[in-house]
Every structure is written in structure tokens, then in C-alpha cells.
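> when you get a sec, could you give me coordinates for this:
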Amino acid sequence: MQEGYFGGPPSERLEKDQIDSLIEFPKSVGNFPDIARELGLSFPTVKARFHAILKTMGIAPEGAERTEVADILNMLEKGEITVDEAERSLEGA
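This next block holds a predicted model:
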């Protein structure tokens, strides 16, 4: 039997902006353009946030990391996300 603290559920590791995005998801019936409009963000930013949420929760699809890094760098290059957003999204990628 192992003893000690092993951490809480993955949802406890989410940042405030990720939680805000998750709250909008059911209100927008999962429509990313509606979520982006409601949060005042670009579609690629919302998409990157949801990829980061899935990764944080340990449920990202296989191979998502390679695609995610390329998507994040492309969005940064186009000015669709800030450097801070890119850094948060790339952490652990």
C-alpha cells in the first residue's frame, strides 16, 4: 500500500483562462467560433487553449503534441496569440 499525497484531479491543474474556456463550452454548445467571440479571442487561440486543457488533463490524442507545437508557433507568427499565451501553451509540449 502506498501512502502520501498523489495530487488531486487533473482539473485542479487548469489555469483561470482554461477554466473560463471550459465554462463557455456548454453555453456555446461546443462551437469554437462562438466561444472565441464570447471570450473576445481568436479561433486559433481558443483551439490552442482546448489542446492545452486536454494535455493538462492527460487526455490529449496521440501525436497531438507535434501538431500543437506547430499550430502554436504559426499562431504566434501571425500575431493571433501573445508570447505569454504561446509560452503557456508550449509548457511541457
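> drop to CA atoms for contacts and neighbour counts, all remaining ones
Fine.
> residue contacts, Lys47?
Under the criterion of C-alpha atoms under 8 Å, 6 or more residues apart in numbering, the contact list for Lys47 reads Phe32.
> so it is in which element?
According to DSSP states H and E, Lys47 maps onto helix 43-56.
> now that helix: average pLDDT?
Helix 43-56 carries an average pLDDT of 83.
> any idea which helix or strand comes after it?
Downstream of helix 43-56, the first helix or strand assigned by DSSP H and E is helix 64-77.
> pLDDT of that following helix, averaged?
The model assigns helix 64-77 a mean pLDDT of 76.
> by contact count, what packs against it?
Helices and strands touching helix 64-77, by 3 or more C-alpha pairs under 8 Å, 6 or more residues apart in numbering; DSSP states H and E, are helix 43-56, helix 83-90.
> that older thread, tell me the angle the helix holding Lys47 makes with helix 64-77.
Per axes from the mean of the first three to the mean of the last three C-alpha atoms, to 10 degrees, the angle that helix 43-56 makes with helix 64-77 is 150 degrees.
> can you tell me which of the helices and strands packed on helix 64-77 is most buried?
Across the helices and strands packed on helix 64-77, averaging neighbours per residue (mean count of other C-alpha atoms under 10 Å) puts helix 43-56 on top, at a mean of 20.
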